[in-house]
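Chemist: Can you look at this prediction? I've put the sequence above it.
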Amino acid sequence: MYSFTACLRQIIVIQEPIFQDDGLGGKIESWQDLEMLSAEAKALYNHKFGENFSSMQLMDNSLYRFRIRYNPKITGDMRVIYAEKT
């Protein structure tokens, strides 16, 4: 028998955007934690690149699919933090 709850082994954080006036007529976007949830994370694509010489950083390009229980607070303009990555 399949148990969806048993698959929710990873912890993710859902963040929502917060916009503040910058005093010059523009907006500054920052992110605020909304929920910490249990999720199933499935890696669909994971490729590691070498160093990016313009910024001298290692790059990692990954694509994940997350399955969570329904939560009416979550919208499409939010982002997921998983394994300390956005």
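Modeler: In hand now; what should we look at?
Chemist: For burial, what's the neighbour tally of the spatially closest residue to Tyr82 that is not a sequence neighbour?
Modeler: Nearest-residue entry for Tyr82: Ile12, 4.9 Å, with adjacent residues in sequence omitted and distances by C-beta to C-beta, 6 or more residues apart in numbering. C-beta: built from backbone N, CA, C; applies to glycine. Using other C-beta atoms under 10 Å, Ile12 has 20 neighbouring residues.
Chemist: What helix or strand is Ile12 located in?
Modeler: Using DSSP states H and E, the secondary-structure element containing Ile12 is strand 10-21.
Chemist: Mind listing residues that contact that strand?
Modeler: 27-41, 66, 68, 71, 74-75, 77-82 (C-beta atoms under 8 Å, 6 or more residues apart in numbering).
Chemist: Of these, select the buried ones using a ChimeraX command.
Modeler: The ChimeraX selection below is limited to those of those classed as buried (16 or more other C-beta atoms under 10 Å):
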select :34,37,39,40,41,68,80
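Chemist: Give the rounded mean pLDDT of the longest strand seen in the chain.
Modeler: Longest strand in the chain by number of residues (criterion: DSSP state E): strand 27-52. Averaging the model's pLDDT scores along strand 27-52 yields 82.
Chemist: partners of it, with directions?
Modeler: Here strand 27-52 is paired, per DSSP bridges, with strand 10-21 (antiparallel), strand 57-67 (antiparallel).
Chemist: tell me, which of those is the model least confident about?
Modeler: Across the strands paired with strand 27-52, strand 57-67 has the smallest mean pLDDT, namely a mean of 76.
Chemist: which strands and helices sit next to the next helix-or-strand element following that strand?
Modeler: Sequence order places strand 79-81 as the next helix or strand after strand 57-67, per DSSP H and E. Based on contacts counted as 3 or more C-beta pairs under 8 Å, 6 or more residues apart in numbering; DSSP states H and E, the elements that strand 79-81 packs against are strand 10-21.
Chemist: go again using 10 Å as the cut-off
Modeler: The criterion is 3 or more C-beta pairs under 10 Å, 6 or more residues apart in numbering; DSSP states H and E, and the helices and strands that strand 79-81 contacts are strand 10-21, strand 27-52.
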